[in-house]
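# Fold the following, please.
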Amino acid sequence: MPQPLPRRRHGRYQVVFEPPESDAEFISTTLGIAHLLAALADLVEDYRNDLIRRRMPAPIVAQWTTAAEELHEAAYNARNAATTFADIFEESRDIAAAGIRILGGRNAA
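Numbers count the residues shown, from 1 in each chain. Model prediction:
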């Protein structure tokens, strides 16, 4: 007879992503989102493994496998967004670090 699984603590989670005020905030938030998605993917995999141990039908387990894979892919894409941002704006960051302001569409007065 299968052993009962340990009870998990249930909780509520509120996730809020504020619009970034700087490049550092964007990169930090994006990497935080990637970490959150990867952690969630791991939890979904654990849940799926519990379902397998309880002999849940394969078509149901397959949905959780897909969910975990797609969460891992989402985490990968979030990490890539941070990397792409850094690559695209690297020259601008170097210019700003040298003390040159880039005004964009504003009139220079």
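
# Excluding chain neighbours, give the residue nearest to the most centrally placed residue in the chain in space.
Centroid check for the chain by Cα atoms, centre = their mean gives residue 34 as the closest residue, at 2.2 Å. Nearest-residue entry for residue 34: residue 78, 3.7 Å, with adjacent residues in sequence omitted and distances by Cβ to Cβ, 6 or more residues apart in numbering. All C-beta atoms are positioned from the backbone trio N, CA, C, and that covers glycine.

# since we're on the one you found, how many residues are nearby?
For residue 78, the count of nearby residues is 20 (other Cβ atoms under 10 Å).

# Please apply the same query to residue 48.
Residues near residue 48, counting by other Cβ under 10 Å, number 20.

# Now do the same contact list for it.
Shown in contact with residue 48 (Cβ atoms under 8 Å, 6 or more residues apart in numbering): 61, 64, 65, 68.

# In helices, which of the residues you listed fall?
In this view, those that belong to helices under DSSP state H are 61, 64, 65, 68.

# Drop the exposed ones from those and show what's left.
By neighbour count, with 16 or more other Cβ atoms under 10 Å, the ones in helices among the contacts of residue 48 hold 61, 64, 68 as buried.

# Would you mind measuring from the closest residue to the second one other than its chain neighbours to residue 77?
Counting by Cβ to Cβ, 6+ apart, residue 64 lies nearest to residue 48, which is 3.8 Å off, once chain neighbours are set aside. For residue 48, the distance to residue 77 under the criterion Cβ to Cβ, to the nearest Å works out to 21 Å.

# and whichever strand or helix holds residue 78, what does it pack onto?
If you go by DSSP states H and E, residue 78 is part of helix 58-88. Here helix 58-88 touches helix 23-53, going by 3 or more Cβ pairs under 8 Å, 6 or more residues apart in numbering; DSSP states H and E.

# Can you list the buried residues in the helix it packs on?
In helix 23-53, counting by 16+ other Cβ under 10 Å, buried: 26-27, 29-31, 33-34, 36-38, 40-41, 44-45, 48, 51.
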